[in-house]
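Undergrad: I'll drop the sequence and a predicted model, then ask my questions.
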Amino acid sequence: MDAQAVESQALSAIEAAATVDEVEEARVRFLGRKAELPQALRAVRDRETGMTLNALRRRIAESADAREEELGRAELDRRLREERVDVTLPGDELPVGHLHPITQVRRMVEDAFLGLGYEIRDDREVETVAYNFDKLAFEPTHAARSPRDTFFLDETRVLRTETSASQIHQLEEREPPVYMVSIGRVYRRDAITATRYPIFHQFEGLAVDRGITLADLKGTLRHVMRALYGPKRAVRFRTHYFPFTEPSIEPDVSCGVCGGEGCRTCKYSGWIEMGGAGMVDPRVFENVGLDPEAWSGFAFGCGLERTAQLRHDIPDIRALWEGDLRVLRQF
Ligand code: DAH
């Protein structure tokens with residue numbers, strides 16, 4: 001073996017290596033088990049040649065170590081330079097969501113009634129026929145009692161068709177005076193259309209005290225409609241019928257799309273129906289063990305989807321259930 005030739009070849013290979021891997025390749029080529037120098041070392045018989053070749057091996061190894069360290073440091077310098085992070089730069093903006101329009105309206109309703117001193121209730125969505133219908137004085141033949149209109153779970157239980165059962169729960173749980181609003185989902189067997197959906201939300205109010213009159217109901221509804229739609233919209237009341245109120249009325253709000261002139265949204269009447277209301281029927285008081293001569297009260301119920309639709313002029317109620325961000329981002 002020509003020690004000098006091996007040395008110069010090895011050192012120039014190490015010098016020429018541009019990466020740590022290439023240094024490693026050179027190291028294997030000249031110092032690996034099958035390389036010329038280690039083979040020669042194994043075959044050495046005399047001490048002097050042994051010392052010379054060992055020194056040569058050490059020089060090559062040290063040269064490889066040094067080159068590796070040099071390349072490693074250069075690589076680190078490069079990365080420090082190129083991968084520097086400027087922590088003073090503004091960060092990426094995270095998308096911030098907002099409340100669903102139904103939730104927004106729900107909070108507005110809650111605010112309006114909390115301001116009047118009402119308490120907010122949250123009741124069960126599975127109701128018994130007794131609470132959903134009987135105690136609310138629905139006559140035995142009322143259409144809503146049919147499984148064509150209402151989701152029955154079995155003979156005695158339904159998915160509540162309205163939040164009105166909260167009136168019964170509240171009056172059974174606590175002595176009047178009572179001022180409460182119950183908000184939540186209700187269910188009806190309706191086909192899905194632009195204005196109907198089989199699940200929707202209602203808010204239900206109940207005030208029971210001594211000497212409450214229809215004037216109190218109208219004042220309260222006007223206050224709430226103003227809170228929901230602003231001072232420009234007019235409110236009117238029409239007579240109606242509900243099993244659990246007497247007399248019963250329906251509040252209308254002037255159409256916001258046409259300003260009351262008449263348009264497609266309000267079916268050219270200038271008004272949009274808001275829900276139902278009335279004075280608590282004496283039979284309801286009797287059903288919960290209260291004396292109708294001693295107590296009086298009013299109740300009302302309105303749909304939250306309807307409210308959101310009117311506030312934002314949403315033409316199709318399905319948009320509120322589809323979760324399409326392109327739609328929801330607008331509110
Ligand atoms: N529960 C009625 C409905 O879903 C709305 C309603 C009418 C609620 C009159 C009331 C009321 O509290 O007094 O159509």
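TA: Cool, the structure landed.
Undergrad: Domains in this protein, by residue range?
TA: Per the record, the chain has its domains at 3-82, 103-328, by automatic domain parsing.
Undergrad: Can you tell me which of these is most buried?
TA: Scoring the domains of the chain by mean neighbour count under mean count of other C-beta atoms under 10 Å gives domain 103-328 as the most buried, with a mean of 17. Glycine gets a C-beta too; all of them are placed from N, C-alpha and C.
Undergrad: is that domain anywhere near the ligand?
TA: Yes. Counting by C-beta under 6 Å from any ligand atom, the ligand has neighbours in domain 103-328: E162, S164, E204, F242, T245, G275, G276, A277, G278, A299, F300, G301.
Undergrad: Show me these that map onto strands.
TA: Secondary-structure check on these using DSSP state E: residues within strands are E204, F242, T245, G275, G276, A277, G278, A299, F300, G301.
Undergrad: of all the residues you listed, which comes closest to L228?
TA: Out of those, the one with the shortest distance to L228 is G275. That distance is 11.3 Å, counting by C-beta to C-beta.
Undergrad: hang on, the earlier thing: confidence-wise, which of the residues of domain 103-328 next to the ligand comes last?
TA: Across the residues of domain 103-328 next to the ligand, the bottom pLDDT score, 93, is held by G275.
Undergrad: Any idea which residue of the stretch 101-250 of the chain lies closest to the ligand?
TA: As assessed by C-beta to the nearest ligand atom, the ligand sits closest to E162 within the stretch 101-250 of the chain, at 3.6 Å.
Undergrad: Is it correct that that residue is in contact with E204?
TA: Yes. With contacts counted by C-beta atoms under 8 Å, E162 reaches E204, the gap being 7.3 Å.
Undergrad: Are there residues contacting both of these two? Which ones?
TA: Overlap between the neighbourhoods of E162 and E204 consists of G301, taking contacts as C-beta atoms under 8 Å, 6 or more residues apart in numbering.
Undergrad: what's the closest non-adjacent residue to the residue of the stretch 101-250 of the chain closest to the ligand?
TA: V186 (5.4 Å; C-beta to C-beta, 6 or more residues apart in numbering).
Undergrad: Tell me which residues are up against the host helix or strand of the one you found.
TA: Counting by DSSP states H and E, the secondary-structure element that holds V186 is strand 178-187. The contact list for strand 178-187 (C-beta under 8 Å, 6+ apart) reads 106, 109-110, 113, 116-123, 125, 150-151, 159-163, 166-167, 170-171, 198-209, 297, 304.
Undergrad: Okay then, goodbye and thanks.
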